[in-house]
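Asks: missing the sequence, but the structure's below:
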């Protein structure tokens, strides 16, 4: 019976994976952010030979404009003491992508194409590399599980890791990140460790050493992976003695392990020595660990990329710690490494890890956390629910209606299993208040409106559309609009009202990278802010107006050089007192040019 269920699960899982990849993953663009940083060692080494200045690329290679812009962003603040601009990432992921790079490079050469390192062939093979290492890692994980459990349970648990966690996202959509190769390497290290202790031959010592070396190379903080072979089969005083004897008896294998572990590090150390001046070099600049201020609870449970919020199926792995005595060989590995690893990754300055559904560094140690699941009815329903939730989140992220590192509980629950968004949904994502229906409210009065018609500033420029006389031109040296709208709260004025409407008409001229312009509502009592709401502007231009297509309602939507209305509602806060300041402003957080007009603050009430 169990075998039949697993066959059905395998077929369903494959169908979902194929659908998701063909519908969304194959069109995703991998050459940006961290993935670009890991990968660019390959074209830099084998095509451009520009290690001294990675921000330079020849003008005649017909490179996509986004490649150049991302490259400039990645090289920000990475100039070494010797004056070179280097890659802040290590070469480890690139080394694992190298066979796939050469396949794409050979294909481009054979076809007589430009072979510039960033064309469609390279993008496709980068995706194939993620699929390859995910599949290989899952196969090895299955083999690890069969050492302790029967085949049916092992296959079920392996499928849950694929379909119920954010490994699914990085395998089938966001290719090029480090986490899939690290998942494979951790699985390989665990499997090699088991083989070493079963039959200590040099081959498995070398495999384990290479796996540990590449793990450390890719993420130096993951050097704690060495605890896996060191603490395996150690769970009491007697086993400590046996472990010491094992190391002594197999010292040649241990030496082979150490050499194999060091080998992958040598090219990186030589690279740093040549271009940074020292064999050990911290290339991340001001990005660092805050060891005295970890954000463990937020990292695990926040709707802003919290691990267990977006990968709830792993709750069962954590509960499995109560049963650690049933897998004694890994008892100390789990009880020591997992808390240390958790503390480490949530001590990182960006503990919510932008991109990816949930805490992406946790993917690395899924092979360690996976264990026996009891395939009974209640658990089956929970597993199916959690897997469907993971797939739903993945679809929403791929469709642009979820950005997990910026999300919140109200939005997630509101959008549960929804595959399309509307304007009010996008506003809810920002202001965390459900927006009122148009036919359920009515306008009471206008509190203030700035239309820039008096031309008192050189920043007031003619409105070429003819809608009005002037509009305001915010330039990249302004962080805030200089004419903040300020209204003082008055009990009589606000009597019988329920909503504040903030609105404006906007035009953006440049694409944003991370920071969008924001229309902000700040309510202050003296110098203290008692309520703050902000609605992103750039991704809503053109969506509040009629005529937008359903597929345009995306959190990453962008309409350049076109005017559009943007508005949001906020409930009038309870407990306001006379004299409280209600301030409506435009925040140019990314310091980029934009134009706007008719910034207005209005009062509305619910219809009876």
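Replies: That came through, no problem. All figures in this text were calculated on a predicted structure; none of them were measured in a lab. Numbering: from 1, shown residues only.

Asks: quick one: low-confidence parts of the chain?
Replies: Across the chain, the ranges flagged by pLDDT under 70 are 1-5, 73-78, 322-326, 370-379, 456, 546-547.

Asks: Would you map out the domains in it?
Replies: 2-392, 436-606 (automatic domain parsing).

Asks: just these: most buried one?
Replies: domain 2-392 (a mean of 18; mean count of other Cβ atoms under 10 Å). For glycine as for every other residue, the C-beta is placed from the backbone atoms N, C-alpha and C.

Asks: center of this protein, which residue is that?
Replies: Note on the chain: the residue nearest the mean C-alpha position is residue 355, at 1.3 Å, using Cα atoms, centre = their mean.

Asks: Would you mind confirming that that one makes contact with residue 175?
Replies: No - using Cβ atoms under 8 Å, residue 355 is not in contact with residue 175, being 11.9 Å away.

Asks: Now do the same contact list for the closest residue to residue 453 other than its chain neighbours.
Replies: Closest residue to residue 453 in three dimensions, ignoring its sequence neighbours and counting by Cβ to Cβ, 6 or more residues apart in numbering: residue 469, at 5.1 Å. Counting by Cβ atoms under 8 Å, 6 or more residues apart in numbering, residue 469 makes contact with 453, 455, 462, 463.

Asks: Filter those residues down to the ones in strands?
Replies: residue 462 (DSSP state E).

Asks: can you redo the contacts of residue 469 as a markdown table with distance to residue 404?
Replies: Conversion of the contacts of residue 469 to a markdown table gives the following (distance: Cβ to Cβ, whole Å):
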| residue | distance to residue 404 |
| --- | --- |
| 453 | 43 |
| 455 | 45 |
| 462 | 42 |
| 463 | 39 |
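
Asks: Out of the contacts of residue 469, which is nearest to residue 208?
Replies: Comparing these against residue 208 with Cβ to Cβ picks out residue 463 as the nearest, at 68.3 Å.

Asks: so what's the nearest residue to that closest one once chain neighbours are set aside bridging to?
Replies: Take residue 463 and drop its neighbours on the chain: the residue closest to it by Cβ to Cβ, 6+ apart is residue 471, 4.8 Å away. Under DSSP bridges, the beta-bridge partners of residue 471 are residue 461.

Asks: what's the spacing between residue 471 and residue 84?
Replies: According to Cβ to Cβ, to the nearest Å, residue 471 and residue 84 sit 45 Å apart.

Asks: same deal with residue 217?
Replies: Taken as Cβ to Cβ, the span from residue 217 to residue 84 is 20 Å.

Asks: Output the longest helix belonging to the chain.
Replies: Longest helix in the chain, counting residues (DSSP state H): helix 120-148.

Asks: What is the next helix-or-strand element following that helix packed up against?
Replies: Per DSSP states H and E, the first helix or strand lying C-terminal to helix 120-148 is helix 151-164. Here helix 151-164 is seen to pack against helix 2-23, helix 120-148, helix 167-172, helix 377-398 when contacts are counted using 3 or more Cβ pairs under 8 Å, 6 or more residues apart in numbering; DSSP states H and E.

Asks: change it to 6 Å
Replies: Packing partners of helix 151-164 (3 or more Cβ pairs under 6 Å, 6 or more residues apart in numbering; DSSP states H and E): helix 2-23, helix 120-148, helix 377-398.

Asks: quick one: which of these is nearest residue 206?
Replies: The nearest among the helices and strands packed on helix 151-164, by Cβ to Cβ, is helix 120-148 at 16.3 Å.

Asks: From the contact counts, what lies against the closest one?
Replies: Helices and strands touching helix 120-148, by 3+ Cβ pairs under 6 Å, 6+ apart, are helix 92-110, helix 151-164, helix 179-198.

Asks: chain center to it, what's the gap?
Replies: 20 Å (Cα atoms, centre = their mean, to the nearest Å).

Asks: and that helix with helix 92-110, angle?
Replies: 140 degrees (axes from the mean of the first three to the mean of the last three Cα atoms, to 10 degrees).

Asks: ok, which stretches of the stretch 351-500 of the chain are strands?
Replies: Per DSSP state E, counting those that start in this stretch, the stretch 351-500 of the chain carries strands over the ranges 441-450, 460-462, 470-474, 485-488, 499-508.

Asks: Name the strands paired with the fourth one and say parallel or antiparallel.
Replies: Translated: strand 485-488. strand 581-587 (antiparallel).

Asks: The strand it pairs with: what's the following helix or strand?
Replies: That would be, after strand 581-587 and using DSSP H and E, strand 594-606.

Asks: contacting residues around that next one?
Replies: By Cβ atoms under 6 Å, 6 or more residues apart in numbering, the residues outside strand 594-606 that reach it are 441, 443-451, 468, 471-474, 485, 496-499, 501, 503-508, 517, 584.
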